[in-house]
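1. what follows is a protein structure lacking sequence information:
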């Protein structure tokens, strides 16, 4: 049915948002009173082909054309995939004499589990024979201890060229404090070895911690050139269609930046493809009056989980990309190898496992009919009749139930299980893996999830949201109006954002005021320049200031907001805020212990977000009726006829009893027995379950 839009918001620019995943590419087109969504297969041989094809389809549907497009917003797993496949893109590293093996030594700790005898550290991005040393030394306060020996620099470049290396990271000890030697290396390269792309650690990150800083520089060196080529190719493909729009890409910090500006900070693009969903969920939570959120973004290859408390996005300044540390601000999340394409397999002849291996988009699940023979999560849902073979992606992709049945049967035969038992086993293991991941970011941090709402999205999120909530004793689940495209929609909710930091380790007292002022001035200039490069004037930007603080003797720090008053009272209030925050997080404070300053931070925000959530009136129209009834496997001993609704038939205010299935254009929601649901005025499906229904 057609739904009449009653709000008349200020007309947003005609925008297209694209989120490219391993299996599907999700697209959203926003007009002033309509939003169009579509899913198309990702084209791994040339990602731009799938993107342009999807945008073209939406333009035709909306009766628009490429020249009318005003904004193009993009998020992609491209950079992360480069790191996963990093061995095929060799890079070199030039570092201070004696520090060649920093990448390999790391922090000399057995993480993540000291009891796992099978654990092995990640393979360094740069093999040892491509990590070369030069003679130089700078102290932690920026003093030159040993002058740069330029002859050793020439020798290093000549050796790397013989190895066929054309991208080199340069990371010298304490270059965050004084980048003089690193910049001289770049001058030498530009003058004598112009074929080499140079990445300086001092351009990438100005923070201490040598392992993480070196890793971040190497990540940037590996990603920079292919990422630039990819974005350039995508721009050219859009230009060929007549698009003259501004182009922005999502970055790890939850903010956007132009293609041109982002290429200069490629490490910040390593989490691009998973951030939009968190931004979209937070925006939707604000509209729905939900402050505490667990996000569940389940796509074809992986599941991303994050925790939003008091509608504050969870930001961390240390994360990993494909197992490699990166010192860039990143929205905090956990990613596991559990998606619709995750493969079910037998381990040791007796145990069923699911993931992290995936069928990807090619060949895809067995039911795609593209040559896949191993059962996947999608195949299991089809065997249980929770997916429609004829209405998958609105019928744009036909599924073959007999192929899914055959693949699941073969897995079950190895374990003496029926096809239904094997299918339910695949789904149960997947949900158990997701529950463990949610506990990692919540229960293990002392957070009671009973106060949270689970927002489930992605192509497969709605199929697992309710069962996962049951496992975690969460009583509320929210399904967005276009759950399969929320990660793309979230791009529309984001602003321009740039983060800058400088390390300065000293006691936080009145003597630190002038050094902090000096650093703030330098960082502010960088921040305003970055906004200007993205088309945001200084007077339109918003700057936020913060300090990283710790007790003397601690290894890690807490981020504390910096107020103007702190620079006049010798940081007295800042110290009080740090004590209070430390006690809130760790349960104690040490008010007699000296507090150290570690980093000074400046964040620049440029307003660009639009409101994509269209509001619809409650009416007296007839509630949507089931499109069909289907025999669905709810449990091994519970198979019953279940109503199947089409989301497009539902009206605001409509209540739905369980069990039920709701089919969207890009996903499906499964509501098991014991839940109730109602559609709100933003077309969000609110599923609730009484706390008494949970078994102790």
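-> Received, thanks. What you see is a predicted model, and the numbers here were worked out from it, not measured in a lab.
2. how about the helices of the stretch 151-300 of the chain, start to end?
-> Per DSSP state H, counting those that start in this stretch, the stretch 151-300 of the chain carries helices over the ranges 180-192, 201-204, 210-240, 259-262, 272-288.
3. now do the lowest-mean-pLDDT helix or strand in the chain: which elements does it pack against?
-> Lowest by mean pLDDT, DSSP states H and E among the helices and strands of the chain is helix 78-84, with a mean of 84. Secondary-structure packing of helix 78-84 (3 or more Cβ pairs under 8 Å, 6 or more residues apart in numbering; DSSP states H and E): helix 210-240, helix 272-288, strand 319-321. To be clear about C-beta, it is placed using only N, CA and C from the backbone, and glycine gets the same treatment.
4. quick check: angle from the first one to helix 180-192?
-> Meaning helix 210-240. 40 degrees (axes from the mean of the first three to the mean of the last three Cα atoms, to 10 degrees).
5. for the least confident helix or strand of the chain, which positions count as buried?
-> Neighbour-count burial for helix 78-84 flags 78, 79, 80, 81, 82, 83 (criterion: 16 or more other Cβ atoms under 10 Å).
6. with stretch 459-475 instead?
-> 459-472, 474-475.
7. as a whole number, average confidence for it?
-> Regarding stretch 459-475, the rounded mean pLDDT is 95.
8. check the offset of that stretch from the chain's centre.
-> Stretch 459-475 sits 20 Å away from the centroid of its parent chain (Cα atoms, centre = their mean, to the nearest Å).
9. what of stretch 411-419?
-> On Cα atoms, centre = their mean, the centre of stretch 411-419 falls 36 Å from the chain's centre.
10. what does stretch 185-194 give?
-> 36 Å.
11. in a strand, residue 374, correct?
-> No: counting by DSSP: H, G, I helix; E, B strand; the rest coil, residue 374 falls outside a strand, being coil.
12. picking that back up, now for the helices and strands packed on helix 78-84, which one comes closest to residue 685?
-> Residue 685 lies closest, by Cβ to Cβ, to one member of those: helix 272-288, at 11.0 Å.
13. and the buried residues of stretch 459-475, which is closest to residue 417?
-> Residue 417 lies nearest to residue 467 out of these, by Cβ to Cβ, at 19.4 Å.
14. for my notes, confirm the closest one occurs in a helix.
-> Yes: the assignment for residue 467 (three-state DSSP) places it in a helix.
15. which residues touch it?
-> Contacts for residue 467 (Cβ atoms under 8 Å, 6 or more residues apart in numbering) come out as 427, 431, 670, 672.
16. ok, it to residue 689 distance?
-> 11 Å (Cβ to Cβ, to the nearest Å).
17. neighbours around residue 178, how many?
-> 18 (other Cβ atoms under 10 Å).
18. against residue 171, how distant is it?
-> Distance, residue 178 to residue 171, using Cβ to Cβ: 13 Å.
19. circling back: any chance of TSV for the helices and strands packed on helix 78-84, columns mean pLDDT, mean neighbour count and distance to residue 365?
-> Output for these, formatted as TSV (pLDDT from 0 to 100; neighbours: other Cβ atoms under 10 Å; distance: least, Cβ to Cβ, whole Å):
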stretch	mean pLDDT	mean neighbour count	distance to residue 365
helix 210-240	94	21	27
helix 272-288	92	25	21
strand 319-321	87	20	27
